[in-house]
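1. quick one, what's the 3D model for this:
(one chain, ligands or ions: 2)
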Amino acid sequence: MTTWNIDRAATVLLDAEDRRADREPLTDEWPELDLSTAYRIQDETLRRRQERGEKIVGVKLGLTSKAKQQRMGIDVPLVAWLTDAMILDPDEPVPIDELIHPRVEPEIVFVMGARLAGPGVTADEARAAVAQVHGGLEVIDSRYRDFRFTLPDVVADNSSSGKFVMNLAGRPAAEVDAVAEACTLSHGGKQVATATGADVMGDPAAALALAANVLAERGLAIEPGWIVLTGGMTDAVHLVAGDVVRIDFASLGELTITGA
Ligand code: 0L1
Ligand code: MG
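-> Ligands and ions are numbered 1, 2, ... in the order given. From the prediction side, this is the model:
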């Protein structure tokens, strides 16, 4: 049996992504995989994405709401990377044939005005470093069959990254109450979920602080201009070709995406 290591895990996960071929979780064969090794695999996949020309545009939080934690059976939030290859323009159809089994979820999105470096960052410090707040949708796509994974698996897999879209017109952070911001998610014209920013760890700024503190453990920080997806506010909905998913925010506008 071949031994597992960071290099092999990164190769297997990026290969699954490139070939649109799902697979069993790493921990089925590598039960000793721990969280810090999983983050090193995630960083290695980022390094390879950069080597092929992708640019870091920010970070994303995962599993920051009860709805997401209950669905995935994991109650620990995680942090992962966003690159420019993951950006969809508003109104750009989601390329279903580039993904394995996409699901869509609403997100409160921050654009950073100042650098945020842990450890010990508080929600108040995090909030003060945000310039703009946008409404967003994330299209997640796990490399694991049926989205079955443990925490180290999903950390290694860059938190099921796929694509994301955000409203072009954000609002100045000082004018937005991100905790109270409400949203309604509709799938095929039918309302399927509602949430507020409070569903994201009580305050999306708390999720941002957590991201800064987790990155600090690897000597990293959140940089000015970076985009931060604070985590799915509701359970995600499946997206197949022809599906229309719409999110309506109370003060951050609306977004509609279509599976193509
Ligand atoms: O596949 C998943 O649901 C894990 C990623 C979670 C993303 C999120 O909570 O925003
Ligand atoms: Mg998400």
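2. how long is stretch 80-100 end to end?
-> 19 Å (C-alpha to C-alpha, to the nearest Å).
3. show me which residues of it are buried.
-> Of the residues in stretch 80-100, those with enough neighbours to count as buried (16 or more other C-beta atoms under 10 Å) are 80, 81, 82, 83, 86, 88, 90, 94, 96, 99, 100. Every C-beta, even on glycine, is put in place using the N, C-alpha and C of the backbone.
4. can you name the two of those that are farthest apart?
-> Across those, the longest distance by C-beta to C-beta is 23.7 Å; it joins 90 and 100.
5. which parts of this structure are strands?
-> Listed from the start of the chain, the chain has strands (DSSP state E) covering 56-62, 78-83, 103-112, 130-140, 163-166, 171-172, 182-187, 190-196, 227-229, 237-238, 244-249, 254-258.
6. quick one, what contacts the residue most central in space within the chain?
-> Closest to where the C-alpha atoms of the chain average out (C-alpha atoms, centre = their mean) is residue 60, at 4.0 Å. Shown in contact with residue 60 (C-beta atoms under 8 Å, 6 or more residues apart in numbering): 79, 80, 81, 82, 138, 159, 161, 164, 228, 229, 231.
7. can I get the residues you listed in CSV including pLDDT?
-> Compiled in CSV, the contacts of residue 60 are given as follows (pLDDT from 0 to 100):
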residue, pLDDT
79, 98
80, 99
81, 99
82, 99
138, 98
159, 98
161, 98
164, 98
228, 99
229, 98
231, 98
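8. what's the neighbour count on residue 163?
-> Other residues near residue 163 number 21, with proximity taken as other C-beta atoms under 10 Å.
9. skipping adjacent residues, who's closest to it in space?
-> Nearest residue to residue 163 in three dimensions, chain neighbours excluded: residue 139, at 4.2 Å (C-beta to C-beta, 6 or more residues apart in numbering).
10. start to end distance for stretch 86-100?
-> The separation between the terminal residues of stretch 86-100, taken as C-alpha to C-alpha, is 14 Å.
11. what's the spacing between that stretch and its chain's center?
-> If you compare the mean C-alpha spot of stretch 86-100 with that of the full chain, they lie 15 Å apart, counting by C-alpha atoms, centre = their mean, to the nearest Å.
12. can you give the contact residues for that stretch?
-> Outside of stretch 86-100, the residues within contact range by C-beta under 8 Å, 6+ apart are 16-17, 20-22, 57, 102, 104, 139, 141-143, 161-168, 239-241, 255-260.
13. for the residue in the stretch 151-260 of the chain positioned nearest to ligand 2, list the residues it contacts.
-> Using C-beta to the ion, the single residue of the stretch 151-260 of the chain nearest to ligand 2 is residue 232, 4.1 Å away. Neighbouring residues of residue 232 by C-beta under 8 Å, 6+ apart: 62, 64, 65, 67, 68, 105, 106, 107, 138, 140.
14. so what's the third one up against?
-> Contact partners of residue 65, counting by C-beta under 8 Å, 6+ apart, are 195, 199, 200, 201, 231, 232, 233, 234.
15. follow-up on the earlier one: what subset of the contacts of stretch 86-100 is buried?
-> With neighbours counted using 16+ other C-beta under 10 Å, those contain these buried positions: 16-17, 22, 57, 102, 104, 139, 141-143, 161-167, 239, 255, 257-259.
16. also within reach of ligand 1: list those from these.
-> Near ligand 1, taking C-beta under 6 Å from any ligand atom as the test, the members of these found are residue 142.
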